[in-house]
Every structure is written in structure tokens, then in C-alpha cells.
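Participant: Output the structure for:
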Amino acid sequence: MAESYEREQSSTHLTSGTQIGSAPTPTPSSIDLEAPTGTESTREGQQREGQQGEKHQGEEGRTIGKALEKCLKDWGIAKICTVTVDNASANNVALSYLTRRLSDWNCITILNGQYMHLRCCAHILNLIVNDGLKEVDISIARIRAACKFVKSSPSRLANFKRCVCECNIESKLMVTLDVPTRWNSTYTMLDTAEKFEKAFDRLEFDDLNYLSVLNNEGGCPTSDDWKRACVFVKFLKVFYDATLVFSGSLHVTSNAFLMKLCDITKMLNFWIESNDVMLRNMAKNMKVKLDKYWDGGDNMNYMLFVVVVLDPRHKMAYIEFCFSKMYGLDKCRHMLVKLKELLVNLFEYYQVLYPLPPDSTDSSCLISDTSSFGGGGNDRDDESWSSQFYSQIRRKQSSEKKNELDKYLEDEVEFNYDGFDILKWWKSKAMPSYFPHC
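Facilitator: Numbers count the residues shown, from 1 in each chain. Got it, this is the predicted structure:
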């Protein structure tokens, strides 16, 4: 562990499944879970295995937490909003440990680290898609076997290219082979292969070896397999595009979370009503998995919605629209109340953390106005009614004065256009006349 850390520390770029903001952090070597041995009963063995697994996860989690703590200290990072980690039990332990330890060395965490633990959106998408792939394993396996045959030797590839020419298929791409454990490579394989469906069909008649080999591996792709592949490519593209957005490192990505979640939810709801039993079951399984992590309940980190509100093209109006579509009106209202409470808490937190100098404008205006209307005495009985009126108006205006959060939320949303730079927009508003706390 120590050697691994020292080696990674010397590098300017660290990669792993645990990230702090945009800076990836190293994780320790994996700890193997050793299965229990002996002659104990199956039930006792499973119980002991579970206890042993929890023990190892706790140990691994604390090790990760200590490594993260050391990295933060060495890098001089003392202000933390969120730490993004994969969805693993060990990471839950690591973040619990880190949250407790950060307070010991006066590290600034938002609202005492209550929202620091953020599950990686790209990793959750992987879990959702992998569940869906199980429903179309047969079709994917046949197309994979066909691609594997074509790619297995130069002569087979040349024979396939001849079939492509005879079918008048024009494409600069050629079939690829996926890595079964990586769904994005499966998407690329299917997206490319379905363009060559006619060439694969012709290959069945032109190459008896192709027919023989594939019959031993489940058969050649059928017309139903190709139809499912075509649909599944469209299906996967939504997840593929979302993953590209979530994984971006050269631009702000967090404000796009809700938009992509809406796209995925809408697509799943559509395919749940499909007449194709396989596609319908696939969509149902994926929806169950999606709701497990993003059902809008307490297990969601509402910081994901805060950043959407802070996008001037969206604000609360877009949030309310999306919530009502995805969760229904009743749950939408509950979620909006919870989100608004978080926004207020965050605003008050930053007000205390970065207080503005006292504003003397109101008091000077009050003095000027009251004196100009003849209110020179200390006794209120001697004060003119005009002076009393302006004093009352000033007090009322002061009490009703909107804070920066209310002002921002009530302003009109910005027009959306390609190339909109959210960071540049907020930078332009970082002045006393707009939002002094920016």
C-alpha cells in the first residue's frame, strides 16, 4: 500500500474509481475475500462468510479512507464539497471514516460533510446496462460469434469484404469485436455489425466453414437477432451518450445529470410498453435498477439537483418539470420542498462562511430622508408624520429585501444555445450589483 501510494504520488495524474472533484485519487490494492473452510454446515458457512466479508470490507474501507486523507493533506486540499466514488460497500466505509477525520484538522466541508458522499453516475449506468444485457444475451452472443469469425483470420476477413462489396454496402467502418464485460464496447460492436447484416447473411451461403463454426456456437444471427440488435443500439445510445457526458473532464458535467436522467427514464418507460417480450423485460429490469439508485428518495444526494438549479438556463422551473414527469406530482412536491430547504441551508452556510461588510446605504438613506422632513428631535412625538412615514417604509423595505438566492431564482431563465458557458456566466455575475457572494 505504502509503495503503491509513493509510486502514484510521483505521477501528475492519478486514476482509479475514487475521485475528489476532478482529481482522481489512488485506491489500495484489492483485498481478496478468502472463503471459509472446514466441515461446518452450509448455513453456518454462509453466515460466517458474510461476517468475514463485512470485516474485510470494513478494513478495506478504512484503508481507502486513510489513503484519501493522506492525499488531501499532501495536496493541501482543505475545502471539499463532494467525493465521488464507485458504488461499493468499502467506499461507504471509507467516506464515513473520511467525514469524521476531516473535522479533526479543520477541513471545510459543506454542511459538515452531510452531502460529501457522491456515488459515481457513470458507474451506476454501468450497473443498469449490465442488468439489461442479460435479457438479450442470446442475440448478442450470435452476433459476437459472427464478428469473431470474420476477425479471426485475414482470409476470412477478405471473404467477408467481398460479400460487403457484392451487397453494395458502403461504409468506412469494419466489424469490431467487443469485450463482453464492457457494455460500451458491445454497443460499438452492435452498432457497426448491424450495418453489415446483408453481408453476414450472404456469408452463410458463400462460406460453408462460417455456417459450420457458428452452428457449434449457437447458430448464425437470425433476422430477429438483427432486429433486436438494431433496437438495442438505439437503446444503448442513450446510455452511451450519458456516460460520455458524465465522464467528461474538460468541461462542467454535473449540471447535465438531470437532463440525461430524464432521457433515460423516458426511454425505459417507452420500452416497458413494448410488444417484444424480451425488450419489455429488459426495460423493466433496468428501470428497477435505476429506481434503486435514483428514485428521488433519501438515498439520493440532492447536490446533484442543486447544480441543476445553479444552471441559469434551468433553475427551479426545469427541476419541477422533470420531477413531475419522472416521479409524479405528489412526490414532486415533496422533493421540491426538500431541495428548497437544502438551497436555503447552503445559502445561509455561505453567508456565515463569507460574510459581506455591513451595508451602510440603507441607514444613511434613512437618516437623510427623516431629517429632510423636519424630524430633528429625539422625541417621536415631535417627529413629523412624513418622517414617521419614511421611517416605516424604510423598515418595511429592509425586512422585505430579497436575498441573492431569491433574486436569482426569480430572475428569468437564460436562453439556451450551443456553446453556453456556465462558468463564464457566473463569472460575469460575480460583482456587488448582482451576486456579492459569488
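
Participant: all strands of this protein, in order?
Facilitator: Counting by DSSP state E, the segments of the chain that form strands are 18-20, 23-25, 79-80, 83-85, 108-109, 117-119.

Participant: Comparing the ones you listed, which yields the minimum mean pLDDT?
Facilitator: Among those, strand 23-25 carries the lowest mean pLDDT, at a mean of 33.

Participant: Specify the residue ranges that define each domain of the protein.
Facilitator: Per automatic domain parsing, the domain ranges recorded for the chain read 7-32+51-119, 121-294.

Participant: can you redo those domains as CSV with mean neighbour count and distance to residue 337?
Facilitator: In short, each C-beta sits where N, CA and C put it, glycine included. Conversion of the domains of the chain to CSV gives the following (neighbours: other Cβ atoms under 10 Å; distance: least, Cβ to Cβ, whole Å):
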stretch, mean neighbour count, distance to residue 337
domain 7-32+51-119, 16, 17
domain 121-294, 17, 17
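
Participant: Columns distance to residue 322 on top of these, output as a markdown table?
Facilitator: A markdown table is the format used below for the domains of the chain (distance: least, Cβ to Cβ, whole Å):
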| stretch | distance to residue 322 |
| --- | --- |
| domain 7-32+51-119 | 19 |
| domain 121-294 | 5 |
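
Participant: out of those, nearest to residue 328?
Facilitator: Nearest of the domains of the chain to residue 328, taken as Cβ to Cβ: domain 121-294 at 12.2 Å.

Participant: just for this structure, where's the confidence low?
Facilitator: Counting by pLDDT under 70, the chain has low-confidence residues at 1-58, 357-383, 396-401, 431-438.

Participant: what's the residue nearest to the spatial centre of it in contact with, if anything?
Facilitator: Centroid-nearest residue in the chain: residue 121, 3.1 Å away (criterion: Cα atoms, centre = their mean). Residues near residue 121 by Cβ atoms under 8 Å, 6 or more residues apart in numbering: 242, 246, 257, 304.

Participant: and with 10 Å instead?
Facilitator: 84, 242-243, 245-247, 253-254, 256-257, 260-261, 293-294, 304 (Cβ atoms under 10 Å, 6 or more residues apart in numbering).

Participant: Which member of those residues is positioned nearest residue 180?
Facilitator: residue 243 (17.4 Å).

Participant: quick one: that closest one from residue 354, how far?
Facilitator: From residue 243 across to residue 354, the span is 36 Å (Cβ to Cβ, to the nearest Å).

Participant: do residue 430 as well
Facilitator: For residue 430 relative to residue 354 (Cβ to Cβ), the value is 12 Å.

Participant: and if you look at residue 280?
Facilitator: 53 Å.

Participant: And for residue 216?
Facilitator: Distance of residue 216 to residue 354, given as Cβ to Cβ: 69 Å.

Participant: how about the nearest residue to residue 258, chain neighbours excluded?
Facilitator: residue 308 (4.7 Å; Cβ to Cβ, 6 or more residues apart in numbering).

Participant: show me what contacts residue 165?
Facilitator: residue 199.

Participant: run the last query once more with 8 Å
Facilitator: Per Cβ under 8 Å, 6+ apart, neighbours of residue 165: none.

Participant: Repeat that for the one 3 residues further on.
Facilitator: Under the criterion of Cβ under 8 Å, 6+ apart, residue 168 has no neighbours.

Participant: Kindly report the same for the one 3 residues further on.
Facilitator: With contacts defined as Cβ under 8 Å, 6+ apart, residue 171 is in contact with 164, 195, 196.

Participant: so how many other residues sit close to the residue nearest to residue 258?
Facilitator: 22 (other Cβ atoms under 10 Å).

Participant: got the contact list for it?
Facilitator: Taking Cβ under 8 Å, 6+ apart, one finds 255, 257, 258, 314, 318, 319 in contact with residue 308.

Participant: Look up how far residue 69 lies from it.
Facilitator: Residue 308 is 30 Å from residue 69, by Cβ to Cβ.

Participant: One more: residue 352?
Facilitator: Distance from residue 352 to residue 69, counting by Cβ to Cβ: 26 Å.

Participant: Repeat that for residue 356.
Facilitator: With Cβ to Cβ as the criterion, residue 356 and residue 69 are 33 Å apart.

Participant: what do you get for residue 149?
Facilitator: 52 Å.

Participant: How about residue 76?
Facilitator: Residue 76 is 13 Å from residue 69, by Cβ to Cβ.

Participant: what does residue 318 give?
Facilitator: Computed as Cβ to Cβ, the residue 318 to residue 69 distance reads 37 Å.

Participant: now swap in residue 340 and tell me
Facilitator: Residue 340 sits 34 Å away from residue 69, going by Cβ to Cβ.

Participant: Ok, residue 151 next?
Facilitator: 47 Å.

Participant: Find the nearest non-adjacent residue to residue 270, please.
Facilitator: residue 283 (8.0 Å).

Participant: How about the contacts made by the one you found?
Facilitator: 132, 268, 270, 271, 272, 274.

Participant: Those in helices, which ones?
Facilitator: When the contacts of residue 283 are checked against helices (DSSP state H), the matches are 132, 268, 270, 271, 272.

Participant: which two from these end up farthest apart in space?
Facilitator: Across the ones in helices among the contacts of residue 283 (Cβ to Cβ), the longest gap, 14.0 Å, separates 132 and 270.
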